[in-house]
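Colleague: Predicted model follows, preceded by the sequence.
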Amino acid sequence: MQLSDAFLALGEEGFFQLLRHVSIGKLRTYQLYDTLRVRAHVPKLNTEVLRKAAPRFWARVNERDEEFVKDLAQAILVCHLDLITAVLDLLGVPNQAGFFSKDLDAKKYFSEGWQERVYEKFRGAHPEQAVLFYINHLGWELAGATEVFSPPKG
């Protein structure tokens, strides 16, 4: 699984909704503003630019521009640190305010059915697209997932 698969699984509208939650202030706080601005090929970055550039961003996700996708994922995730911290705490993954050690061997924290448990617990408390994206991001980054998680229908 590639990280772009996590975005593609949301569909175009779900992707656009994720972009609507990006906070320029948080990008500046976590020093991601300039990185994303340069990677996105825009002279400045604000909510209007993000909204207007969303179709171009979606095209780059479809083209599997993984470097762009990784920077965009970071920008989206720092805007959902409350969700990230809560999910990591639920799973027992050691973290400090949503951040974990890069050398962490985390596979032991991802027992059978972890995606369903996380989805059921957080889907009503946070935007569904953010919950699904983070589940798939975790699967990609830490759990060694080979397929995108999608919730059971019904």
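Modeller: Good, I have the coordinates. Note that the structure is a prediction, hence the values are computed from the model and not measured. Residues are numbered from 1 along each chain as shown.

Colleague: next structured bit after whichever helix in the chain runs longest?
Modeller: Assignment by DSSP state H gives helix 47-62 as the longest helix of the chain. Next in sequence after helix 47-62, counting helices and strands by DSSP states H and E, comes helix 66-78.

Colleague: What is that following helix packed up against?
Modeller: helix 3-8, helix 24-29, helix 33-40, helix 47-62, helix 128-138 (3 or more CB pairs under 8 Å, 6 or more residues apart in numbering; DSSP states H and E). All C-beta spots, glycine's among them, are computed from the backbone N, C-alpha and C.

Colleague: Go through the third one and flag the buried ones.
Modeller: With burial defined by 16 or more other CB atoms under 10 Å, the residues of helix 33-40 counted as buried are 33, 36-37, 39-40.

Colleague: again, but for the longest one
Modeller: The neighbour-count check on helix 47-62 (16+ other CB under 10 Å) flags 50, 53-54, 57-58, 60-61 as buried.

Colleague: do the same with the last one
Modeller: By neighbour count on 16+ other CB under 10 Å, the buried set for helix 128-138 is 129-138.

Colleague: Hey, what's the angle from that helix to helix 66-78? Just curious.
Modeller: 120 degrees (axes from the mean of the first three to the mean of the last three CA atoms, to 10 degrees).

Colleague: The third one now?
Modeller: Using the same axes, to 10 degrees, the interaxial angle of helix 33-40 with respect to helix 66-78 works out to 140 degrees.

Colleague: contacts for helix 33-40?
Modeller: 24, 27, 43-45, 53, 57, 67-68, 71-72, 74-75 (CB atoms under 8 Å, 6 or more residues apart in numbering).
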